[in-house]
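# what's the 3D shape of this:
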Amino acid sequence: MAAPIDPKTFLSTTSPSRGIQRSLTATGNYVATVRKATAVTHSCVGCFTGPNDLNLIICKGSHVEIHLMIENELQHIMDFPVVGKVVFLELSRLPSATEDFLYIATELHKLCVVRWDSESPNLITINAMQFQPTKLETGEVLYCQGGTICPRSSTVVLYSSQRWLRVMTDVTSYKKSSFLWRGPKMMILDVKFLYGHSSPTMAILFQGDNGSFGVKVYEVIDNNFNLKGWQLPDNVVEPTLLIPVHQDPYGFLIIGKELFVYCKEQATKTKRMGFFNIKAYGRFHTDTRKHSYLLGDHSGHLLMIELPQLTHRILGRISIPSSISYLRDTIVFVGSCSTDSQLIKINHLADLQVLNTYANLGPISDFCVINKSGGQRKLLMCCGSNEESAIELFYTGTGIKPKNFTELPNVRNVWPLKSSILDDNHTYLVLQTLQEVIFVYTIVNDGFVAHNFSGFISGLATLCCQNAIYKQFIQVTPKSVRLICSKTGLLKHIWTGKSDIDCASATVSQILVATGNYLNYFEIRDGDLLLVKEIDLGYTAACLDISYLGENRHSSKLAAVATWSENKARIFSLPNLTLLAEEQLSCLPRCIILCAFGMEPYLLCGLGDGSLFSFKWKEESFQLEDKTSVSLGRSCLTLRKFSSDGEDYVFFSTPTMPSIIFYKNDKLQHETLNLMNIFDACPFQCDYVKDGVVATGNDGFVFCTLGDIAESGKTVIASCVRRICHQEETQSYAIIVEEKEQTKRHRILLLDDQLNTSASYKLDEHEIGLSIISSRFANDNRFYYCVGTSFSVPGEDAPIKGRILVLLVINGKLVRVTEFPTDGAVHYLKNLHGGLLVNISHTTPRFFEWMQTVRELNENPDVVEPEGVEERFSSMCSLSQKVKYKLEDIVIAPENRNNHTAILMMENEVLFSSNAKYIIMSYNGLDNMVGQWYSGEFITQIKSGTLSRLADEDYAQVPSVLFSTTTSAMRVIVSLPDGVYSYLQNLEKKMRAARKKWDHFVELSGHRCIELENARDRKFIDGDFLESYMTLSEELQWEIANDMGIDVPTLIKILDYLALFH
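All right, here's what the predicted structure looks like:
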């Protein structure tokens, strides 16, 4: 069956439209994630995947991850998206249950209750409820701010700041019900259910109309709120949160900025603790006689409160927490929105030990994209907050460069051979097809021709093929080990075992084979094999490797073996096969390799789920250390070593996109290559190519070289980075930074192409950098950096003056050419008509022309058209600066949720914008909104560009824009041709309908906000949802494919190609 429309049809090499630039459109958009969020907003701990499992559940904005605690490490189980901003995440167990249920609520008043099905294994939705948000008389929607769950029942309360609470009872059963409760006039700050009560009882922390703070306790009976007669404090200085006490004598804590209050029904007790702005808390389980709680403040101080003594102490410094979750054995997870998250251990209640750090790029305040010819893409992001700030770099190059292609249908595996082990160049290629037919090729001039060696056997899978000493070749099949003369190609010796050979590896002088549960180690002789050692492994080997480490290239002292049933990787010594070390893997191993990057020996293991596990091998202690895991796609096929330009690499192949593993900046890194459907690869060196690579695919094999390699990096900036701008002509970047000192002085830093600081320009006192562009003026061939500023003087409500600075890069330095004082803040700058279009303090746009002779700016009011497109757009951009968010907390407090947070207009007047309701809008012209898409996250910037792995000619047909969020997620909006968009829209509809039968967690309407009109959000397709097709069961995959009138392989091929867009 063939697809009615295939996304490749409009990108094929024969298409007349290939290479012709399409304009970005406001309709037909495909939204997909480029980088997932890293900022942790919520976390909780419980027994979710099993009664004896200890799980950590982490939420990152609108993305949830499930982890399993193993020893002192977190093992990733799965992750899934949530449509909407998550405001409540908790694990809770019913009295008769052995495992916890997961409760998730979003700000749009949706509550989902899910459990883990260990047989699938997957999530099962217990209940999903959606409620219409309450609206005030002004029309303002009351978004959900948080929630709490009753410890004795499945009663959940969701609350908004404006005194509204929604109470849902029996949410895990069909008897579920809900009702709204409107409290007295107050602003709700926190709500918590209390322990030790026979009926649901909650404490409500609020702020009254007069600005004072208070707390009330209510009992919920028969849809009524009964005020309890607790003795409570009249006023607490700036309280931030409530903590319910889990054990007798129960009660709760009110945490303020200078004190905390322990409230019980008949008494309260207050204790001062100094000035701490507490952001998160977690229960600490060490002594059942004490009730201990951990508190984290806005500066990263970690405190402990102990009850009933009401003592407190500072334990040390941690990342600025957004959540604190106790795991076990004094191990605590610290989730952070603004800095890296941590796994820490509290030793003797005094010393803090960081066990692991989880990188967080967020929030992203600005970014720039550089798209060069040849498919090279570079993304630089201003990441972090006042505490930790950096420039994050992601760069994708062209990867593999083909030299020539040889047709050989269904070829799978490839091995290189030399005439002699002393030769520098390779002479032969041994290739195996899907039908297990062996072909031998030799290189002639600059191509490959077939060659005949009678000693090689076909019809059996070749497990290993290798040069050997005494001018021999090795071929290992499931039935035998064969020694072949490298001169004549005749068989010299054959060894057969008691049972079939499962896997094998060899050096030029050694062979290791696995037969059943046994390992057999041989040393190679001239026309003979000497069995040196045989051991009973106890399990069937899945893969093994004896690649050399160190300077001796003829033999290895180590063997790496991974087994099926127990999923372990082991290191043995050679020749004795003595077990030296072993490590647990997360799933079935597929391939394993010993390799060295520089002087560092590593063990790499590719797994069936597409993960790559890496370990450092410590020869002195015989230990595997620094265990890391990364997902590189679908099931790993092969791991092969090769070199390029003196650097060592490992090739990691999957059924879709291969990757290379390399060592850079003192750590292992990986990058996806630009060839699809590569099954195997091997090094091949000849006279005219020093560091060649042969890669196999369905139709044949390609001889190629490795070109520019994609890379990532991080440059720590001592100041907080606010804005970034690239200038191609000077190969430089200019960034606006805010110093961390008390003065908060702003500077403009000049960075070279390697992100090294080469110059600094200090702004005046109280001057803030707001906007920056690279500009070229009329009749001037030079390129300038133009910076818009404002003066924020204490005591003034709004800036009354600012500047436009024009800077020039000369010999790696920033030189001020001129400045123009303004009567307000310069929020917006744009090149227009050879001059600058400027918006100052959200007023009428103004135009400045460049006076070349005196090199100054001169205002020309005659150029400005108040109702012109560019002028109106500048005002919209300027107004977007009004919407603020706190980088430290990702707490959105916009003055008006309808205001733009980011905005971009293309040359054809297609416009994309976002507002503080987390909605992306697309326009055909400034006044014609045609589409909306609910993102569920605060969007900081929208800019034109791509990180697509498509060739330039193909990318021309699918222009795109990128947008960033406060949770560090980076997503792309790809503009599709009408026919492809219609086909994918139909596919999304059928996928949602099919999955809804099995999983109520799936939204039938996708990214549709309750406030959106149904027709408008159909102009966007959820790419992440479509690409999740790969994770579905085979039965569900075929149901969807049949409904589309195609087969599963064709549908997977389509979705694999769509993944190249990001």
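# any low-confidence regions in the stretch 451-600 of the chain?
Across the stretch 451-600 of the chain, nothing is flagged by pLDDT under 70.
# domain assignment for the protein?
According to automatic domain parsing, the chain comprises the domains 1-39+896-1062, 292-356, 361-397+711-760, 400-709, 763-889.
# adding mean neighbour count, write these out as TSV.
Where C-beta positions appear, they are placed from N, C-alpha and C, glycine not excepted. Putting the domains of the chain into TSV (neighbours: other CB atoms under 10 Å) gives the following:
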stretch	mean neighbour count
domain 1-39+896-1062	19
domain 292-356	19
domain 361-397+711-760	18
domain 400-709	18
domain 763-889	17
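# ends of stretch 236-246, how far apart?
Its start and end residues considered, stretch 236-246 measures 22 Å (CA to CA, to the nearest Å).
# picking up where we left off before, could you tell me the least trusted of the domains of the chain?
Ranked by mean pLDDT, the domains of the chain end with domain 1-39+896-1062 at the bottom, a mean of 75.
# re the thing from before, Throw the domains of the chain into TSV and include distance to residue 282, thanks.
Listed next are these as TSV, based on distance: least, CB to CB, whole Å:
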stretch	distance to residue 282
domain 1-39+896-1062	18
domain 292-356	3
domain 361-397+711-760	20
domain 400-709	26
domain 763-889	17
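# tell me which of the ones you listed lies nearest to residue 197.
Nearest to residue 197 among the domains of the chain is domain 292-356 (17.8 Å), distances taken as CB to CB.
# gap between the two ends of the closest one?
Domain 292-356 stretches 24 Å from its first residue to its last (CA to CA).
# report the beta-bridge partners for the closest residue to residue 751 other than its chain neighbours.
Spatially, and ignoring its direct neighbours in sequence, residue 751 is nearest to residue 733 (4.3 Å; CB to CB, 6 or more residues apart in numbering). Residue 733 has the following beta-bridge partners by DSSP bridges: residue 726, residue 751.
# I'd say residue 733 and residue 727 touch.
Yes. Counting by CB atoms under 8 Å, residue 733 does reach residue 727; the two are 7.3 Å apart.
# from residue 543, how far out is residue 1048?
Distance of residue 1048 to residue 543, given as CB to CB, to the nearest Å: 28 Å.
# which one is residue 725 nearest to, not counting chain neighbours?
residue 772 (4.5 Å).
# list of residues touching the helix or strand containing that neighbour?
Assigned by DSSP states H and E, residue 772 belongs to strand 767-776. Contacts to strand 767-776, defined as CB atoms under 8 Å, 6 or more residues apart in numbering, come from residues 722-728, 734, 736, 738, 746, 748, 763, 782-792, 802-803, 806, 825-831, 836, 881.
# starting from it, tell me which strands it pairs with and how they run.
Strand 767-776 is paired, per DSSP bridges, with strand 783-791 (antiparallel).
# mind exporting the strand it pairs with as CSV, just the C-alpha atoms?
In CSV, the C-alpha atoms belonging to strand 783-791 read as follows (Å, rounded to 0.1, in the frame of the first residue of the first chain):
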residue,chain,number,x,y,z
PHE,A,783,28.2,46.8,10.1
TYR,A,784,27.3,48.2,13.5
TYR,A,785,25.8,47.0,16.8
CYS,A,786,22.9,49.2,17.7
VAL,A,787,21.7,49.1,21.4
GLY,A,788,18.6,50.6,22.9
THR,A,789,18.6,51.5,26.6
SER,A,790,16.6,53.1,29.4
PHE,A,791,17.5,54.8,32.6
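# ok, then the element right after that strand?
Following strand 783-791 in sequence, per DSSP H and E, is strand 802-810.
# packing partners for that next one?
strand 746-751, strand 767-776, strand 783-791, strand 813-822, strand 826-832, strand 835-840 (3 or more CB pairs under 8 Å, 6 or more residues apart in numbering; DSSP states H and E).
# that one to strand 813-822, inter-axis angle?
160 degrees (axes from the mean of the first three to the mean of the last three CA atoms, to 10 degrees).
# partner strands of strand 802-810, with direction?
Assessed with DSSP bridges, strand 802-810 is paired to strand 783-791 (antiparallel), strand 813-822 (antiparallel).
# out of those, which is closest to residue 961?
Of these, nearest to residue 961 by CB to CB is strand 783-791, at 22.8 Å.
# I'd like the next helix or strand past the biggest helix by length in the chain.
In the chain, taking DSSP state H as the definition, the longest helix is helix 978-996. Using DSSP H and E, the helix or strand that directly follows helix 978-996 along the chain is strand 1020-1022.
# just how off-centre is that next one within its chain?
Counting by CA atoms, centre = their mean, to the nearest Å, strand 1020-1022 is centred 20 Å from the centre of its parent chain.
# mind listing what it pairs with, with the direction of each?
In the sheet, strand 1020-1022 lines up with strand 29-35 (parallel) (DSSP bridges).
# quick check: angle from the partner strand to helix 978-996?
Using the same axes, to 10 degrees: strand 29-35 against helix 978-996 is 70 degrees.
# show me what the residue nearest to residue 725 is bridged to.
Residues in beta-bridge contact with residue 772 (DSSP bridges): residue 787.
# tell me how far residue 415 lies from residue 513.
16 Å.
# ignore what I typed, I meant residue 267.
Counting by CB to CB - residue 267 and residue 513 are separated by 76 Å.
# how about residue 384?
52 Å.
# repeat that for residue 920.
57 Å.
# check residue 800 too.
82 Å.
# again, but for residue 755
49 Å.
# tell me how far the strand holding residue 772 lies from the chain's centre.
That offset, for strand 767-776, works out to 30 Å (CA atoms, centre = their mean).
# and what of stretch 1023-1030?
So, by CA atoms, centre = their mean, the centroid of stretch 1023-1030 is 16 Å from its chain's centroid.
# can you list contacts of it?
30-33, 81, 634, 974, 984, 987-988, 991-992, 1006, 1037, 1040, 1051-1052, 1055, 1058-1059, 1061-1062.
# in which helix or strand would I find residue 162?
Residue-wise, residue 162 maps onto no helix or strand under DSSP H and E.
# look up phi and psi at the closest residue to it other than its chain neighbours.
Nearest-residue entry for residue 162: residue 142, 5.3 Å, with adjacent residues in sequence omitted and distances by CB to CB, 6+ apart. Dihedral pair for residue 142: phi -90, psi 100, per degrees, to the nearest 10.
# how many other residues sit next to residue 142?
Neighbours of residue 142 under the rule other CB atoms under 10 Å: 18.
# what of the one 5 residues further on?
For residue 147, the count of nearby residues is 22 (other CB under 10 Å).
# in its sheet, which strands sit next to the host helix or strand of it, and in what direction?
Applying DSSP H and E as the criterion places residue 147 in strand 146-149. For strand 146-149, the paired strands and their directions (DSSP bridges) read strand 156-159 (antiparallel).
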